[in-house]
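Engineer: Provide a 3D model corresponding to the input given below.
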Amino acid sequence: MDFRLDRRSFLAGALAFTAPASQTLAQPASDGPGAGILRDAIESRRRWAGALTGRGGFGLVDFSIPSYYPRFFILSADGGTLLKSYYVSHGRGSDPGTVASPIPSSFSNAPKSKASCIGAFVTLDQYVGEHGESLRLRGLEATNDNAEKRYIVIHTAPYVSEARARATIPMGRSFGCFVVPKPDLAEAIETLGTGSFLYAAKGAST
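Structural biologist: Numbers count the residues shown, from 1 in each chain. A predicted model of the protein is given here:
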């Protein structure tokens, strides 16, 4: 999905947006990341600017949004424009029930936890792995600095799809990776590229 907003409307409206009258959304749509988590992401990106080589936009995953809504957002470099939004999984270890929940209950950086980890990441190289085209990530904080060791990457899998969202069915769970629908993977990887910032959290810090 592709939405564009001017900076004033985007921020002053706490990131709420509506589709143009001529556009009918074929699937559920979240209102974008909350103003608080966006603020946290922009502040974190500034703090980690020295670790970034990409000059484009950045990614933000808001795990407080149910998984059958888009919650992986790509924004312009200044955070003022929402460029893309995607469905994305969370880790099985963050949602240990027999049936998948739409919102993760916990996070972990521990190896073999199969949980999502949160905080600031930098995108690394693209490669072809077990799940096809993938984008490696490096965690920059104590909450996610095992991401490389855990092979936490961006990839695709059949258990994340628009069809599940249409039926309001929670996305399947990964082993901690950010799994997006197959039709969106190439665009997400290309838009982020190498050396870009990614921030994941469950809502705002305060």
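
Engineer: Next, the buried residues of stretch 143-162.
Structural biologist: Buried residues in stretch 143-162, counting neighbours by 16 or more other Cβ atoms under 10 Å, are found at 143-144, 146-147, 150, 152-157, 159-162. Quick note: C-beta positions are derived from backbone N, CA and C, even for glycine.

Engineer: In helices only, show me the residues you listed.
Structural biologist: Cross-referencing those against helices under DSSP state H gives E162.

Engineer: what's the closest of the buried residues of stretch 143-162 to F178?
Structural biologist: I154 (4.7 Å; Cβ to Cβ).

Engineer: wait, the closest one sits on E187?
Structural biologist: No: using Cβ atoms under 8 Å, I154 makes no contact with E187, being 11.4 Å away.

Engineer: Overlap in contacts, those two.
Structural biologist: With contacts defined as Cβ atoms under 8 Å, 6 or more residues apart in numbering, no residue is shared by I154 and E187.

Engineer: the helices in the protein, which residues?
Structural biologist: Secondary structure of the chain (DSSP H): helices located at 7-12, 35-47, 162-166, 182-192.

Engineer: quick one: which of those is nearest T123?
Structural biologist: When the helices of the chain are compared by Cβ to Cβ, helix 182-192 sits nearest T123, at 5.1 Å.

Engineer: Report the angle between whichever strand in the chain runs longest and helix 182-192.
Structural biologist: Scanning the chain for the longest strand, with DSSP state E as the assignment, gives strand 119-129. In terms of direction (axes from the mean of the first three to the mean of the last three Cα atoms, to 10 degrees), strand 119-129 departs from helix 182-192 by 120 degrees.

Engineer: For strand 119-129, which helices and strands make contact with it?
Structural biologist: Applying 3 or more Cβ pairs under 8 Å, 6 or more residues apart in numbering; DSSP states H and E, we find strand 119-129 packed against helix 35-47, strand 132-139, strand 153-156, strand 197-201.

Engineer: Return the most buried member of those.
Structural biologist: strand 197-201 (a mean of 26; mean count of other Cβ atoms under 10 Å).

Engineer: Contacts for it, please.
Structural biologist: 37, 40-41, 44-45, 48, 52, 54, 58-63, 116-123, 137, 144, 178, 192.

Engineer: Adjacent strands (with direction) for that strand?
Structural biologist: Here strand 197-201 has these sheet partners by DSSP bridges: strand 58-62 (parallel), strand 119-129 (antiparallel).
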